[in-house]
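In: Pasting the sequence and the predicted model now:
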Amino acid sequence: MNVRTLVSMALLVGIGAVLHAVIPGLFAGMKPDMMLAMMFLAILLFPSAKAVGLVGVATGFISAMTTTFPGGQLPNIIDKIITAFVVFALVAVLRNYRQTVIGAVVLAAVGTVISGTVFLTAALLLVGLPGGTAFSALFVAVVLPTAALNAAAMAIVYPIAAAIFRRMNVTAHV
């Protein structure tokens, strides 16, 4: 992993951190996690185990610092690391489709649903859900709209980022 790769991933994580910090909470302290879209973009552009581990840990800790979910720090860290490697496995399995916009959009939607499921499960087991809210209510009210939002964001951002990184010759994976 070279300096260009690290700087590029740091830029994506930084953009995700700003998005995660400024988006307001929607329902029971949960908010759409736009940082996931940036994490998925980093995984698509730099699909190596080292890069995925680094971006998963970085996004997990930054999400933990900016969460509005009561007691959501540890669930955020767990969620991002697990989600990063599951999405990396999906990218490896679907390597013929990862370079298409449709592939990136589907991956963002599926990855967000995986992330939301892991986060809510970890939160339920570790700290409980806020106000006794049901898992299904939070899933429908927050996770599914976030999946749609991240998919739409990926449809806009992926072609632009892929073209920029291709021109900069940062990665051969685009």
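Out: Good, I have the coordinates.

In: What average pLDDT does stretch 12-23 get?
Out: When pLDDT is averaged along stretch 12-23, the result is 88.

In: ok, and what's touching that stretch?
Out: 31-39, 41-42, 45, 55, 58-59, 62-63, 66, 161 (C-beta atoms under 8 Å, 6 or more residues apart in numbering). In this view, the C-beta of every residue, glycine as well, is placed from N, C-alpha and C.

In: hmm, 7 Å instead?
Out: With contact meaning C-beta atoms under 7 Å, 6 or more residues apart in numbering, stretch 12-23 is reached by 31-35, 38-39, 41-42, 55, 58-59, 62-63, 66.

In: do stretch 65-85 as well
Out: By C-beta under 7 Å, 6+ apart, the surrounding residues in contact with stretch 65-85 are 17, 20-21, 25, 29-31, 39, 43, 52, 55-57, 59-61, 63-64, 111, 114-115, 118-119, 122-123, 126-127, 130.

In: do stretch 94-108 as well
Out: Residues contacting stretch 94-108 (C-beta under 7 Å, 6+ apart): 37, 40, 44, 87, 90-91, 150-151, 154-155, 158-159, 174.

In: In contact with the most centrally placed residue in the chain, which residues?
Out: Geometric centre of the chain, nearest residue: Leu36, 1.7 Å, by C-alpha atoms, centre = their mean. Going by C-beta under 7 Å, 6+ apart, Leu36 touches Gly111, Thr112, Ser115, Asn150.

In: Look at it and report its pLDDT.
Out: 94.

In: which element is it on?
Out: Using DSSP states H and E, Leu36 falls within helix 35-45.

In: re earlier: now that we have the contacts of stretch 94-108, which one has the most neighbours?
Out: Using other C-beta atoms under 10 Å as the neighbour criterion, Phe40 leads the contacts of stretch 94-108 with 34 neighbours.

In: quick one: low-confidence ranges for this structure?
Out: By pLDDT under 70, the low-scoring segments of the chain are 26-29, 170-174.
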